[in-house]
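Novice: All I have is the shape, not the residue letters:
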Ligand code: AMP
Ligand code: MG
């Protein structure tokens, strides 16, 4: 029997097989969760005029330094006013100015409203209560960003903040990596859809919705193909449909049972199987193959196995397809809160809670009844990775973790 592949070996095979999809030009609206494939530079200075940062009065700072005499208010400047059409502020005068409004010529500081008081009986005069430093409460042209500066790099994953940057730059379209079409097929005669009450011996299909949600969060465009029975012809027909997508993810039917028919069905359809086992716990019978440019992932049906296989392998493959320059998860470590034992042999990926405080990270392994314990996934935010040859870990030991909630950071 051939040696079982390690997780790293299997991951390298998956990544090498994953094609980078063609780039697309899309409106920023459609760019969320995708990988930028061009550099974004500032189209102008930001701000591109000297701008008030407060509601107050534009004044000549040196004028106030000489004494706090009343000032004539010569104009009122709202945000949006044309900077080319403002009156010059001279000693003895001030302009009422709002946050975001252009600073008029002559003025070199903004005195906050709170630092002024009206002169009784003289509606257009104010008295400063304090002096101000030159440059106070205003942003000079280009203070935030200079025209031409690089704001976003090729390869950045586009999250909400990046969408804001694209909007500020007025980009109508932006070049991003492709969005993989991913087909999801659950298999198993025991399954009923979640809106049904399971009859005797039946269970609800939780992996279908789980995989659809994971695919969406990973930036893919998922399509649900339903439940395939454990019967060769019907299974094959549904797999054929799935092979039209960029990736097909199946759950169930890849173990050693008499009704585990997925491997044979894939072979019958000409899928080139790269491996059918990985030294990982849970998830050992994970099957991976390729049909043309379509990747095929066969996850073991146990919900925790499906979850782990997606987080470790499928997410990484999708990131590569979407044009991420660093599809592998960033390495992270934490410190165990309690001792832990495993049967050595396979690399363990255990549901865990990573708790960050400052630069420290505490890792609590979550109690679980095993790979069918679908609730443990919902309680965790990380997988704790225990190397295959390690039998016992002590509280305080350092441990590698895979963070699960960083969907727009990879
Ligand atoms: P299998 O990999 O087909 O041998 O299934 C392993 C275990 O996972 C069995 O207990 C199945 O009933 C369960 N299982 C398979 N598919 C699903 C699914 N879509 N949702 C929830 N449990 C499943
Ligand atoms: Mg099954």
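Specialist: That came in fine, so what should we check first? If you're wondering where the values come from, they're calculated on a predicted model, not measured in any experiment. Ligands and ions are numbered 1, 2, ... in the order given.

Novice: from here on, contacts and neighbour counts on C-alpha atoms
Specialist: OK.

Novice: Next to ligand 2, which bits of the stretch 101-250 of the chain? Give me the list.
Specialist: When proximity is defined as Cα under 5 Å from the ion, the stretch 101-250 of the chain approaches ligand 2 at residue 188.

Novice: helix or strand for the residue nearest to residue 57 when sequence neighbours are not counted, which one?
Specialist: Distance criterion Cα to Cα, 6 or more residues apart in numbering; nearest residue to residue 57, sequence neighbours excluded, is residue 96 at 4.5 Å. In this structure, residue 96 sits in strand 93-97 according to DSSP states H and E.

Novice: partner residues bridging the residue nearest to residue 57?
Specialist: Beta-bridge pairing for residue 96 (DSSP bridges): residue 57, residue 76.

Novice: ok, now how distant is it from residue 103?
Specialist: Distance, residue 96 to residue 103, using Cα to Cα, to the nearest Å: 10 Å.

Novice: Pull up the overlap in contacts between these two.
Specialist: The contact sets of residue 96 and residue 103 overlap at residue 58 (Cα atoms under 8 Å, 6 or more residues apart in numbering).

Novice: Tell me which of these two has more neighbours.
Specialist: Set side by side, residue 96 and residue 103 show more neighbours around residue 103, with 30 against 21, by other Cα atoms under 10 Å.

Novice: Contacts only, for that one.
Specialist: 49-52, 58, 83, 97, 138.

Novice: a markdown table for those, including neighbour count and secondary structure?
Specialist: Formatted as a markdown table, these follow (neighbours: other Cα atoms under 10 Å; DSSP: H, G, I helix; E, B strand; the rest coil):
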| residue | neighbour count | secondary structure |
| --- | --- | --- |
| 49 | 18 | coil |
| 50 | 21 | coil |
| 51 | 25 | strand |
| 52 | 28 | strand |
| 58 | 33 | strand |
| 83 | 16 | helix |
| 97 | 28 | strand |
| 138 | 23 | strand |
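
Novice: Stretch 201-211: end-to-end distance?
Specialist: 23 Å.

Novice: To clarify, my last question referred to stretch 41-59.
Specialist: Start-to-end, stretch 41-59 (Cα to Cα) is 34 Å.

Novice: ok now it, how far from the chain's centre?
Specialist: 31 Å (Cα atoms, centre = their mean, to the nearest Å).

Novice: Would you mark the buried spots in it?
Specialist: Neighbour-count burial for stretch 41-59 flags 41-43, 45-59 (criterion: 16 or more other Cα atoms under 10 Å).

Novice: for this structure, longest strand please?
Specialist: Counting residues, the longest strand in the chain under DSSP state E turns out to be strand 347-357.

Novice: Packing partners of that strand?
Specialist: strand 280-281, strand 360-365, helix 374-379, strand 382-386 (3 or more Cα pairs under 8 Å, 6 or more residues apart in numbering; DSSP states H and E).

Novice: Centre of the chain to it, how far?
Specialist: With Cα atoms, centre = their mean, you get 19 Å for strand 347-357.

Novice: Could you pull up the mean pLDDT of that strand?
Specialist: Averaging pLDDT along strand 347-357 gives 96.

Novice: Give me the buried positions along that strand.
Specialist: 347-354.

Novice: which among those gets closest to residue 153?
Specialist: residue 354 (29.3 Å; Cα to Cα).

Novice: That closest one reaches residue 364, doesn't it?
Specialist: Yes - under the criterion of Cα atoms under 8 Å, residue 354 makes contact with residue 364 at 6.5 Å.

Novice: Give me the helices and strands touching the worst-scoring helix or strand of the chain on mean pLDDT, please.
Specialist: Ranked by mean pLDDT, DSSP states H and E, the weakest helix or strand in the chain is helix 374-379, scoring a mean of 92. Judged by 3+ Cα pairs under 8 Å, 6+ apart, helix 374-379 is in contact with helix 303-309, strand 347-357.

Novice: Could you check how far it is from the centre of its chain?
Specialist: 21 Å.

Novice: got the residues of this structure near ligand 1?
Specialist: 186-188, 205-208, 251-255, 300-303 (Cα under 6 Å from any ligand atom).

Novice: What about the residues you listed, which are in strands?
Specialist: 186-187, 251.

Novice: Following element in sequence after the strand holding residue 96, please.
Specialist: strand 109-112.

Novice: now that following strand, how far from the chain's geometric center?
Specialist: For strand 109-112, the distance to the chain centre is 40 Å (Cα atoms, centre = their mean).

Novice: Show me what the very next helix or strand once past it packs onto, helices and strands only.
Specialist: Following strand 109-112 in sequence order, the next helix or strand is strand 116-119 (DSSP H and E). If you count contacts as 3+ Cα pairs under 8 Å, 6+ apart, strand 116-119 packs onto strand 122-128.
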